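>>> sequence first, then the predicted structure, then my questions.
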Amino acid sequence: MNDSDIDWQLETLRRQYVERLKNELKALLADMQPPGDAATGDRATLEALRHGLHRIAGSAGTFGFAQLGASCRSMELQVQEWLDERRSPTSDDFAALLERARACLAQLEADTLPAGAVSTSSPLAADSRRARIAILGDHQQSRSLVTTLKGLGYACHWFLMQEAAELGPWSADILLIDETGSPRSRWVKALAGLSKLPTLLLLSDEDTFQGRLDAVRHEVKGYFTPPLDMPALEQRIRHLTHLPEQEAYRVLIVDDDAQLAEHYRLVLLASGIDSQVVADPSQVLEVMHTFQPDVVLIDINMPGCSGPELARVIRLDEDWLRVPLIYLSVETDAHRQALALAQAGDDFLCKPISDEALSSAMLARAKRSRQLSAALDRDSLTGLMKHSAIKEMVEVEIARARRSGAAVCVAMLDIDHFKSINDTYGHAVGDQVIRRLANLLKQRLRRVDHVGRYGGEEFVAVLPSCTLEDAYRVIERMRQHFQELECVAGPKTFHATFSAGVASMNTRDTTEMLLDAADLAMYRAKRGGRNRVVKIERD
Ligand SMILES: Nc1nc2c(ncn2[C@@H]2O[C@H](COP(=O)(O)OP(=O)(O)OP(=O)(O)O)[C@@H](O)[C@H]2O)c(=O)[nH]1
């Protein structure tokens with residue numbers, strides 16, 4: 001879905017909300033019969049009134065009716081006070097309340113196009129354009145660098161120093177300057193005429209503090225010395241171009257107000273966050289297992305189970321200890337917030353919340369949550385999931401595929417003759433080869449795919465909603481690519497290869513069975529001569 005689709009859906013939702021708001025206010029007004037003296041029926045009327053006002057207070061601001069929302073919140077607090085003090089309002093008090101509610105309706109009918117109700121495309125939306133990398137230098141080695149970077153999915157072009165003026169029209173995101181063998185002043189002078197510079201990375205043979213300091217003063221953002229550590233360069237480029245993480249952040253929204261929840265979902269979607277809405281708290285645990293949220297956003301007031309109660313139920317399970325639970329509520333009373341947080345939960349966001357505030361709060365929380373999970377689940381050499389985490393993802397995707405009926409495939413990859421790479425070039429070079437394959441996997445797989453380091457030089461990729469043929473094609477293309485990458489070991493270069501097995505899930509598969517099938521296919525690839533991909537079709 002693109003940004004204009006999202007805006008259109010938000011606008012449709014807002015129109016529906018305005019109609020709903022009018023109807024809810026009219027219903028409240030119709031129910032506002034002045035109560036008599038402390039009869040139980042009066043309490044029930046007040047309870048219903050408080051609930052109705054609370055609902056509007058929590059949602060109106062989100063759709064651009066901040067003043068109306070605040071007014072309903074203040075009326076809600078008034079009714080709450082009557083309820084807390086167990087006293088019936090006087091007829092004057094009640095008439096005043098009725099008047100305020102009528103004023104809200106009148107305001108709504110006069111002003112159905114609130115300013116700033118709908119957020120347009122979010123400034124936080126991820127840029128899906130391919131990053132453009134220019135290489136500036138006169139060495140022939142730039143040619144193989146171009147091939148490598150193109151293979152990783154970047155648009156890449158090599159410019160000689162004398163062609164530096166052409167860099168402007170090409171508008172690169174990153175400029176990698178190879179100054180080896182020439183003085184720094186050469187490229188500094190060559191770039192002086194450009195009005196706008198891309199992010200600069202430098203390959204230099206000056207391996208000194210002074211060399212780096214001087215580079216920083218020329219706005220260089222990454223510094224490399226020969227031999228070029230290709231995986232490190234790839235990592236730096238990924239970092240600087242803010243390429244989206246392998247998977248979009250996931251937020252689970254638990255709110256019984258369907259329109260409000262849908263609005264949040266669309267706002268988050270515009271920021272590149274996937275979210276899923278659950279209206280019924282009793283379904284939350286089940287959805288968490290399939291959706292694996294980074295953050296859970298919980299409405300405080302829900303029928304049958306309050307937000308803090310739901311948070312405590314979630315926290316019963318060890319699996320979810322690291323997932324932040326954020327309340328979203330009109331509650332601004334610090335004492336009540338503290339009470340809710342003391343039960344469970346990690347933070348409060350106050351309704352109404354602006355679209356931008358919601359997006360940035362969720363992005364920050366989700367990022368932190370991922371970082372924490374990563375520290376626990378990620379392999380330090382490659383940044384990929386560890387053995388147990390990727391196995392868990394196989395299980396999650398099998399369960400999801402069973403539910404949706406979609407296909408899921410698992411690929412197992414193993415670097416060929418890795419022991420001899422270690423023995424010939426040393427362990428550090430072996431590590432570099434592992435990181436290169438890891439980077440290639442990160443770069444080449446889709447955001448919905450999962451990839452992990454299964455063992456020393458062995459990797460597992462899980463490809464949901466993917467047929468065996470497609471999975472085979474993806475891995476085969478990656479194999480061809482990997483064999484072309486030049487690995488550097490001091491003055492020597494060499495090429496590494498991998499063998500892979502791909503298996504599709506069958507209807508009765510457990511995690512172990514599907515992994516065993518991929519392992520068997522990989523074994524056949526090794527037996528068949530290595531540097532190949534073998535697929536196993538299962539019913
Ligand atoms: N550099 C490095 N080596 C590792 C790491 N983990 C495991 N290894 C080495 O990887 C090698 C794996 O070798 P083998 O399983 O015998 O297989 P292979 O040499 O890859 O041969 P085939 O798989 O049959 O093509 C062993 O020598 C391990 O010590 C690591 O993190 N870094």
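Structure received.

>>> quick check on the residue of the stretch 251-400 of the chain found nearest the ligand: phi, psi?
Residue of the stretch 251-400 of the chain nearest the ligand, by Cβ to the nearest ligand atom: residue 381 (5.9 Å). Glycine gets a C-beta too; all of them are placed from N, C-alpha and C. Dihedral pair for residue 381: phi -70, psi -40, per degrees, to the nearest 10.

>>> buried stuff in stretch 210-217?
By 16 or more other Cβ atoms under 10 Å, the buried positions in stretch 210-217 come out as 211-212, 214-215.

>>> so the single nearest residue of the stretch 51-200 of the chain relative to the ligand: helix, strand or coil?
Scanning the stretch 51-200 of the chain for the residue nearest the ligand gives residue 148, at 20.7 Å (criterion: Cβ to the nearest ligand atom). For residue 148, the assignment made with DSSP: H, G, I helix; E, B strand; the rest coil gives helix.

>>> run a quick neighbour tally on the closest residue to it other than its chain neighbours.
Nearest-residue entry for residue 148: residue 485, 5.9 Å, with adjacent residues in sequence omitted and distances by Cβ to Cβ, 6 or more residues apart in numbering. Applying other Cβ atoms under 10 Å, we find 20 residues neighbouring residue 485.

>>> pLDDT wise, what is residue 485 at?
According to the prediction, residue 485 has pLDDT 90.

>>> show me which residues of the stretch 1-150 of the chain sit near the ligand.
Contacts of the stretch 1-150 of the chain with the ligand, taken as Cβ under 6 Å from any ligand atom, are absent.

>>> tell me the contacts of the residue nearest to residue 148?
Residue 485 is in contact with 148, 151, 230, 436, 440, 495-496, counting by Cβ atoms under 8 Å, 6 or more residues apart in numbering.

>>> what do you get for residue 494?
So residue 494 contacts 421, 425, 486-487 (Cβ under 8 Å, 6+ apart).

>>> quick one: it from the ligand, how far?
Distance, residue 494 to the ligand, by Cβ to the nearest ligand atom, to the nearest Å: 14 Å.

>>> the nearest residue to residue 384 once chain neighbours are set aside and residue 441, how far apart?
Nearest residue to residue 384, sequence neighbours excluded (Cβ to Cβ, 6+ apart): residue 453, at 4.7 Å. Relative to residue 441, residue 453 is positioned 9 Å away (Cβ to Cβ, to the nearest Å).

>>> shaky segments in the stretch 251-400 of the chain?
374 (pLDDT under 70).

>>> okay, now the domains of this structure?
If you go by automatic domain parsing, the domain ranges for the chain are 3-110, 132-240, 250-377, 387-536.

>>> off-centre distance for the second one?
I take that to be domain 132-240. 30 Å (Cα atoms, centre = their mean, to the nearest Å).

>>> start to end distance for that domain?
End-to-end distance for domain 132-240, by Cα to Cα, to the nearest Å: 12 Å.

>>> so which helix or strand takes in the residue of the stretch 301-450 of the chain found nearest the ligand?
Here the residue of the stretch 301-450 of the chain nearest the ligand is residue 430; by Cβ to the nearest ligand atom that distance is 2.7 Å. If you go by DSSP states H and E, residue 430 is part of helix 427-444.

>>> CA atoms of the following helix or strand past that helix as CSV?
Next along the chain after helix 427-444, taking DSSP H and E as the criterion, comes strand 450-453. The C-alpha trace of strand 450-453 is given here as CSV (Å, rounded to 0.1, in the frame of the first residue of the first chain):
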residue,chain,number,x,y,z
HIS,A,450,14.0,-14.7,8.4
VAL,A,451,17.6,-15.8,8.4
GLY,A,452,19.8,-17.2,11.1
ARG,A,453,23.3,-18.6,11.7
